[in-house]
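Asks: how would this look folded up:
(2 chains, ligands or ions: 2)
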Amino acid sequence: MKPLASDRPFQLLLAVVLAVAALLAVSMVTPLGISAYLANAIGQLAAFAVLALALDLIWGYLGILSLGHGLFFGIGGYIVAMHLLKHSSEVTGRVPDFMQFMGWSSYPFYWAGLGFFPYALLVAAVVTILISGVFGYVSFRSRVDGVYFAIITQALVYVAMLLMFRNDTGFGGNNGMTGFLVLFGWPIGGSGVVIAMAVVSVLLLAAVLLGCRLLLGSNFGVLMIATRDDEVRLRTLGYETLRLKLAVWCLSALIAALAGMLYVPQVGIINPRLLSPELSLEIAVWVAIGGRGHLIGAVIGAMLVNALKFWLSAAAPELWPFILSGLIVLVVLVFPNGLVDLAKLKLTRPMGIKRLASEPELR
Amino acid sequence: MAAALLIDDVTVEFGSFRAIDGLSLAIDYGEVRAVIGPNGAGKTTMLDVASGITRAKQGRVVFDDTIDITRSSESDIARAGVRRKFQKPSIFEGLDVRQHIAIGAQGGLRRILSPYALAQRVDDVLAEVGLADLALRPASELAHGQKQWLEIGMVLASQPKVLMLDEPVAGLTDEETERTVALVRKLRRPDRAIVVVEHDMDFVEQIADRVTVLHEGRTLFEGSMQDARADARVVDVYLGR
Ligand SMILES: Nc1ncnc2c1ncn2[C@@H]1O[C@H](COP(=O)(O)OP(=O)(O)OP(=O)(O)O)[C@@H](O)[C@H]1O
Ligand SMILES: [Mg+2]
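Replies: Ligands and ions are numbered 1, 2, ... in the order given. From the prediction side, this is the model:
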């Protein structure tokens, strides 16, 4: 991996992300023509980009494909939703609608304390690490990888979805949770709050992007790439790859949970469909389209695909599955490294083929 | 003399097929041992057992007379000082030459070398395997022979006590083979055992102190290369073909 100081495409993307955050922030005090609606859309896109980075970290740089990252996204989402509801109850003095339907007049014990945000944050982290840790340990320990691992992760998210569809678990059942009223004491629908959430999302996207880049540029990142390229070779050089994979897997899960915590307050609802296998599959599609194994590819892929989806879901929702499939086919057949291929083509053509050869593809 | 690596009555089965059949072999410190034999004789499988990749159904593998590594993990075995080069050059496509040697020298997640000592060691090894000029080259751009040397460098960077090389000159030109002969000769030390699996008999003749001929998972012959050439059974199953 190129040193950060000479990695122009990365610097450019990071600068753009930070500029967007700055623009959004300024628009909170002086109108710049950025509506709350647009800010909200940008904020959601940023959350998806964070989710894509989580997947790229393990798929692109460790060679482990997860088709169940929606699970960790969901954990973050559900816990932040619980926090928002608990917090809203403190204002209204009532338990949320879904509990009233169940005939419950008070919260189940496991909701205790979630109104306090730092505690909710801690719970989200602990639950994510626990679930990803146990699952990762068992899988990596028994050397499950490749397609088998991907299928098991997909099954895992599916099981979680079925569990969440049940109404008696105290997580909102099939209707999910909605009706969030306040965020840190502020009315959640106010345009200032909406834009502020977007700013925070975009800033955290920048932070995660930079954090991943620094990790990959470190010695640890070198070992990640070595694990991806030939794990047996690395093991027989004395490296306990189980630990390394487990650490990155849990980190990736945490980033996905963070994405969920950013996403749910901005859409204002969470339900079990967030845990549907389709969403988890789609994350891999975003990364593949952007270019796996290039952090910027994950961000661009997630942004482009979801922007297209936002726009189409208003204009022609029935076309979406066809367009998504078309994109996948295009990427597989024409740009096996994703859109990053396209950029390379343009950037390098004027300088000739030689240049292309001297900068080999990461993989 | 102390045995660096003892393979004691080892049997390996794949399903109902016996790839190694009650094989015993002792390799001493200070020697270069060649293990030869026809395709499918079980040479690579033997190295796989010694490096923890394949489990023996029966028997033990002992390192340094006292350390039983039969059930140890690949990484524990490597850290104990038993390392090998694979038959198919195994390198990391996404990393450069220097990074490979550094990974080999550090030899485990826990850092044992200071940054200065590491840099020193990497420079030494790069010079030893003749890749100093290519230190910053991505490994994916190396020629086949250079990949073989890179992998040898990666393995020897941790200064292993037992060094196992599976077909180090396969696919190399005569000149590259000569360089590998010189390299292996330089690597021999009184406190190190070297096991070389090869089909190139001229190469074996130049580096090996003793040869072991494997056939169908068993030892057919053990002794000097000269005597092996004269042995009727060895000629019959392998050298005469
Ligand atoms: N994982 C495996 N599963 C099933 N059979 C195997 C496996 N590994 C090796 N074998 C079989 O065991 C036998 C010994 O293989 P091995 O690779 O040890 O031979 P070799 O002596 O290294 O041969 P070569 O000179 O061709 O490299 C072969 O018949 C091979 O097909
Ligand atoms: Mg072999």
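Asks: Quick check: the residue of chain B nearest ligand 2.
Replies: B:Thr44 (3.1 Å; CB to the ion). The way it works is simple: take the backbone N, C-alpha and C, and place the C-beta from them, glycine included.
Asks: Next one: that residue, what pLDDT does it get?
Replies: Looking at B:Thr44, its pLDDT reads 96.
Asks: unless I'm mixing things up, it is touching B:His199, no?
Replies: No: assessed by CB atoms under 8 Å, B:Thr44 is found out of contact with B:His199, at 11.8 Å.
Asks: Run through the residues that contact the residue of chain A found nearest ligand 1.
Replies: Nearest to ligand 1, among the residues of chain A, is A:Val232, at 12.4 Å (CB to the nearest ligand atom). A:Val232 makes contact with B:53, B:74, B:90, according to CB atoms under 8 Å, 6 or more residues apart in numbering or on different chains.
Asks: can you pull the contacts of the last one?
Replies: Meaning B:Ser90. Each residue near B:Ser90 by CB under 8 Å, 6+ apart is listed here: A:230, A:232-233, B:151.
Asks: hmm, back to that, the residue of chain A closest to ligand 1: which element?
Replies: Assigned by DSSP states H and E, A:Val232 belongs to helix A:231-235.
Asks: what element comes up after that helix heading to the C-terminus?
Replies: According to DSSP H and E, the helix or strand after helix A:231-235 is helix A:241-267.
Asks: Which strands and helices lie in contact with that next one?
Replies: helix A:36-62, helix A:70-92, helix A:117-141, helix A:191-217, helix A:219-229, helix A:231-235 (3 or more CB pairs under 8 Å, 6 or more residues apart in numbering or on different chains; DSSP states H and E).
Asks: hmm, the fifth one in reach of chain B?
Replies: Yes: Helix A:219-229 is in contact with chain B by CB under 8 Å from any CB of the partner chain, via A:222-223, A:225-226, A:228-229.
Asks: and these as a markdown table, adding pLDDT?
Replies: Formatted as a markdown table, the residues of helix A:219-229 next to chain B follow (pLDDT from 0 to 100):
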| residue | pLDDT |
| --- | --- |
| A:Val222 | 95 |
| A:Leu223 | 95 |
| A:Ile225 | 95 |
| A:Ala226 | 95 |
| A:Arg228 | 94 |
| A:Asp229 | 94 |
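Asks: Name only those of the residues you listed that count as buried.
Replies: Buried members of the residues of helix A:219-229 next to chain B, scored by 16 or more other CB atoms under 10 Å in any protein chain shown, are A:222-223, A:225-226, A:228-229.
Asks: Take the residues of helix A:219-229 next to chain B and write them to TSV, including distance to B:Asp64.
Replies: Formatted as TSV, the residues of helix A:219-229 next to chain B follow (distance: CB to CB, whole Å):
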residue	distance to B:Asp64
A:Val222	31
A:Leu223	28
A:Ile225	33
A:Ala226	28
A:Arg228	33
A:Asp229	31
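Asks: still on that earlier bit, and of the helices and strands packed on helix A:241-267, who's closest to A:Leu242?
Replies: Nearest to A:Leu242 among those is helix A:117-141 (5.1 Å), distances taken as CB to CB.
Asks: What residues sit buried inside that closest one?
Replies: Within helix A:117-141, the residues that count as buried by 16+ other CB under 10 Å are A:120-121, A:123-125, A:127-129, A:131-132, A:135-137, A:139-140.
Asks: Does anything pack onto it? Which helices or strands?
Replies: Here helix A:117-141 touches helix A:70-92, helix A:146-165, helix A:241-267, going by 3+ CB pairs under 8 Å, 6+ apart.
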